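> Following is a predicted model, sequence given first.
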Amino acid sequence: MHYKIFGDTLPAVTITCQAGETLYAQAGGMTWMSDAFEMDATMKGGIMKGLGRVLAGESMFLVRYTALREGAEITFSSSFPGNILAFTLDGRRELICQKHAFLCASEGIETEIAFNSAKAGLFGGEGFIMQRIKGHGLVFLELDGSVAEKTLAAGERLRVDTGNVAAFDATVRYTANTVPGIKNIVFGGEGLFLAVLEGPGQVYLQTMDARGMAGRLLPYLPTKSS
């Protein structure tokens, strides 16, 4: 299985498969493909797994794409301006990522919901539920805006504006702290809380937040006249 990520602000990934190789994505995620795939809509993992995907911002049903011959190509596109990142998991490394980040993966990858602590869920910007990605194989995530990767040592902490946490290793502790100082809270423009990430592990930060962007655009959208 080989892949090529292309495009700038709205990237996509084209994956070339050998005969018998299988990918899966959420329903409606495929953009185009050669006439060499068998499609199969499935509730991967059963109804409880399907409900978990809904809570994590994805579709209940997934679609499997199995290559019928050598060199079959399939393309998946991002749904928001940003980046597509590829990860090869070996069964030991697990990723925690924001809702809607999952784009597609090989058959050996599993997705499930990950619950945040009460403090992180209330104030960390991502809510109580995120996505946990694990298993063996290749997975593609779509993140918003440009992406910065940070490596945190054990005990090293990074404070991040809520909404800019895209993904991190499961070894990273995720919580939230109040912004210090009344003046900073009132006039600093960062709100009352910041997300806090504590190593060890890799952290992936995004420069754009889809929810924040929607909030900025809302005042300019036409409203129904009274």
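In hand now; what should we look at?

> remind me which residues of this structure are low pLDDT?
43-60, 116-128, 179-192, 210-220, 224-226 (pLDDT under 70).

> again, only using 90
Applying pLDDT under 90 to the chain picks out residues 8-9, 26-29, 41-62, 79-80, 99-100, 111-130, 161-163, 175-195, 208-226.

> and the residue nearest to G199 when sequence neighbours are not counted, what are its bridge partners?
Closest residue to G199 apart from its sequence neighbours, by Cβ to Cβ, 6 or more residues apart in numbering: L152 at 2.7 Å. (Glycine included, C-beta is placed from N, CA and C.) According to DSSP bridges, the residues that bridge with L152 are G201.

> could we number from 672 for the rest of this?
From this message on, residue numbering opens at 672, which makes the last subject L823.

> contacting residues for L823?
By Cβ atoms under 8 Å, 6 or more residues apart in numbering, the residues touching L823 are L829, V843, L868, E869, G870, P871, G872, Q873, V874.

> one more time with 7 Å, if that's ok
Taking Cβ atoms under 7 Å, 6 or more residues apart in numbering, we find L823 in contact with L829, V843, L868, G870, P871, G872, V874.

> Ok, D880 next?
Contacts of D880 (Cβ under 7 Å, 6+ apart): D815, G834, N835.

> still on that earlier bit, just the ones of the contacts of L823 in strands?
Judged by DSSP state E, strands contain the following of these: L829, L868, G872, V874.

> With respect to G699, which of the residues you listed is nearest?
V874 (29.6 Å; Cβ to Cβ).

> circling back: please identify which pair of the ones in strands among the contacts of L823 lies farthest apart.
L829 and G872 (10.8 Å).

> Which of those two has more residues huddled nearby?
G872 (21 against 17; other Cβ atoms under 10 Å).

> OK, contacts around the more buried one?
L823, F839, D840, T842, V843.

> Quick one: distance of stretch 834-852 to the chain centre.
15 Å (Cα atoms, centre = their mean, to the nearest Å).

> And stretch 763-783, by the same measure?
8 Å.

> Equivalent analysis for stretch 732-747, please.
21 Å.

> Could you work out the end-to-end span of that stretch for me?
With Cα to Cα, to the nearest Å as the measure, the ends of stretch 732-747 fall 17 Å from one another.

> list the buried ones in stretch 832-845?
D832, T833, G834, N835, V836, A837, A838, F839, D840, V843, R844, Y845 (16 or more other Cβ atoms under 10 Å).

> gap between A838 and F811?
12 Å (Cβ to Cβ, to the nearest Å).

> still on that earlier bit, possible to save the contacts of L823 as TSV with distance to P682?
Shown next, in TSV, are those (distance: Cβ to Cβ, whole Å):
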residue	distance to P682
L829	26
V843	25
L868	25
G870	28
P871	29
G872	25
V874	21
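
> how about those, which pair is most distant?
L829 and P871 (12.0 Å).

> returning to what we had before: let me know the closest of the contacts of D880 to A772.
D815 (9.0 Å).

> mind listing the helices for this protein?
Using DSSP state H, the helices of the chain run over 718-726, 789-794, 853-858, 881-888.

> got the buried residues for stretch 813-824?
Those would be E813, L814, D815, G816, V818, K821, L823, for stretch 813-824 by 16+ other Cβ under 10 Å.

> quick one: contacts for the second one?
Shown in contact with L814 (Cβ under 7 Å, 6+ apart): G753, N754, L756, A772, A837, A838, Y875, Q877.

> I'd like to know how many residues surround E741.
Count around E741 with other Cβ under 10 Å applied: 12.
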